[in-house]
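> I'd like to go over a predicted model; first the sequence, then the structure.
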Amino acid sequence: MTGPVLQVRDFCVDYGQVRALDGAALDVDAGRIVTVIGPNGAGKSTLLNAIMGVLPSRGSVRFLDRDEQGGIEARVRRGMSLVPEKRELFASMTVEDNLVLGAWVRPDLRRGGADATRDEVFRLFPRLHERRGQLAGTLSGGERQMLAIGRALMARPRLLMLDEPSLGLAPLVVREIFHIIAGLRDSGVGILLVEQNARAALQVADHGYVLETGRITLQGPAAQLATDPRVAATYLGLGSAG
Ligand code: ATP
């Protein structure tokens with residue numbers, strides 16, 4: 001699968017008098033990882049929530065060659081999936097039941113259609129397979145993130161949006177999770193990854209955008225952004241831009 005999955009144009013979101021996103025534009029193609037990096041409060045979560053239809057917005061969201069105007073449920077059914085920053089797992093349910101819930105949009109759920117996807121998720125995350133009977137609330141931070149991503153994949157999305165998957169995780173666990181995210185390209189899903197951890201995000205991504213106080217200020221191939229002096233100085237802690 002190739003071609004555009006998501007095209008966002010002139011995208012604006014206001015919280016009352018405060019403009020949180022101001023004319024943002026970005027593209028995600030099938031089988032590509034696109035990252036949006038930026039500091040605290042830049043509008044990264046706002047961007048994902050507005051694309052998902054959780055927040056009202058102005059501008060256009062073109063998803064799979066159609067202008068998206070539906071609510072959240074319609075967007076999920078058409079193939080959008082968001083892993084929120086807070087993960088939002090069902091703590092008192094098992095790992096496996098959390099996964100099954102992620103497949104609620106699938107018409108083939110009752111006919112066992114989700115079983116093959118669940119097995120794929122277990123292959124991607126062997127740790128989840130080991131712990132399939134464990135309550136989600138007792139998982140480690142890294143395992144919770146794996147479960148949140150696994151649950152999103154159960155819907156077989158065309159666009160997977162990840163809100164700071166590295167948040168609160170040890171560097172080794174971040175590496176493990178980003179390695180798995182990199183492998184998801186092969187399935188053809190388009191990935192929009194929002195991160196404060198610019199170093200890890202630019203390493204895994206194909207293309208990157210820098211978001212600062214609601215505006216996209218820089219964009220380019222991720223490898224190129226990683227060597228841009230402004231990015232290096234501000235987001236990678238590599239000394240002054242001069
Ligand atoms: P972080 O990395 O800290 O989550 P972020 O880049 O995801 O930051 P957002 O959470 O999208 O940023 O916030 C963007 C701006 O909008 C911030 O100035 C924030 O204070 C403001 N904001 C976010 N949610 C609301 C809200 N519900 N009401 C009013 N202002 C909000």
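Arrived safely. Numbers count the residues shown, from 1 in each chain.

> Residues contacting stretch 55-75, please?
The list of residues contacting stretch 55-75 from outside it, by CB atoms under 8 Å, 6 or more residues apart in numbering, reads 4-13, 21, 23-24, 46, 49-54, 78-80, 158-159. (C-beta placed from N, C-alpha, C; glycine too.)

> does any bit of that stretch sit next to the ligand?
No: remark: stretch 55-75 sits outside contact range of the ligand, by CB under 6 Å from any ligand atom, the gap being at least 8.4 Å.

> Show me where this structure has its helices.
In order along the chain, the chain carries the following helices (DSSP state H): 44-52, 72-78, 95-101, 113-124, 126-130, 141-153, 171-183, 198-204, 222-227, 229-235.

> Could I get the contacting residues of the nearest residue to Ile181 once chain neighbours are set aside?
Among residues not flanking Ile181 along the chain, Val204 sits closest, at 6.0 Å (CB to CB, 6 or more residues apart in numbering). Contacts here follow CB under 8 Å, 6+ apart; on that basis Val204 touches 33, 35, 178, 181-182, 193, 222.

> among those residues, which are in reach of the ligand?
Judged by CB under 6 Å from any ligand atom, the overlap between these and the neighbourhood of the ligand is nil.

> Out of the residues you listed, which is nearest to Trp104?
For Trp104, the nearest member of the contacts of Val204 is Ile181. The distance, counting by CB to CB, is 23.1 Å.

> neighbours of the closest one, just the number please.
A count of nearby residues for Ile181, using other CB atoms under 10 Å, gives 21.

> ChimeraX command for the buried members of the contacts of Val204?
The ChimeraX selection below is limited to those of the contacts of Val204 classed as buried (16 or more other CB atoms under 10 Å):
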select :33,35,178,181,193,222
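
> For the contacts of Val204, give me TSV that also has pLDDT.
As requested, the contacts of Val204 are arranged in TSV below (pLDDT from 0 to 100):
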residue	pLDDT
Ile33	98
Thr35	98
Phe178	95
Ile181	95
Ala182	96
Leu193	98
Ala222	97
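
> Look up phi and psi at the spatially closest residue to Asp22 that is not a sequence neighbour.
In space, not counting the residues next to it along the chain, Asp22 is nearest to Gly214; the distance is 4.3 Å by CB to CB, 6+ apart. Backbone dihedrals for Gly214, given as degrees, to the nearest 10, come out at phi 80, psi 0.

> what does this structure put close to the ligand?
Where proximity means CB under 6 Å from any ligand atom, the interface of the chain facing the ligand comprises 15, 18, 20, 38, 40-46, 196.

> Are any of those buried, and if so which?
The buried subset of these - by 16+ other CB under 10 Å - is 20, 38, 42-46, 196.

> can I get those residues in JSON lines with distance to Gly188 and pLDDT?
Listed next are these as JSON lines, based on distance: CB to CB, whole Å; pLDDT from 0 to 100:
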{"residue": "Ala20", "distance to Gly188": "31", "pLDDT": "96"}
{"residue": "Gly38", "distance to Gly188": "27", "pLDDT": "93"}
{"residue": "Ala42", "distance to Gly188": "29", "pLDDT": "94"}
{"residue": "Gly43", "distance to Gly188": "28", "pLDDT": "96"}
{"residue": "Lys44", "distance to Gly188": "25", "pLDDT": "96"}
{"residue": "Ser45", "distance to Gly188": "26", "pLDDT": "96"}
{"residue": "Thr46", "distance to Gly188": "27", "pLDDT": "97"}
{"residue": "Gln196", "distance to Gly188": "28", "pLDDT": "91"}
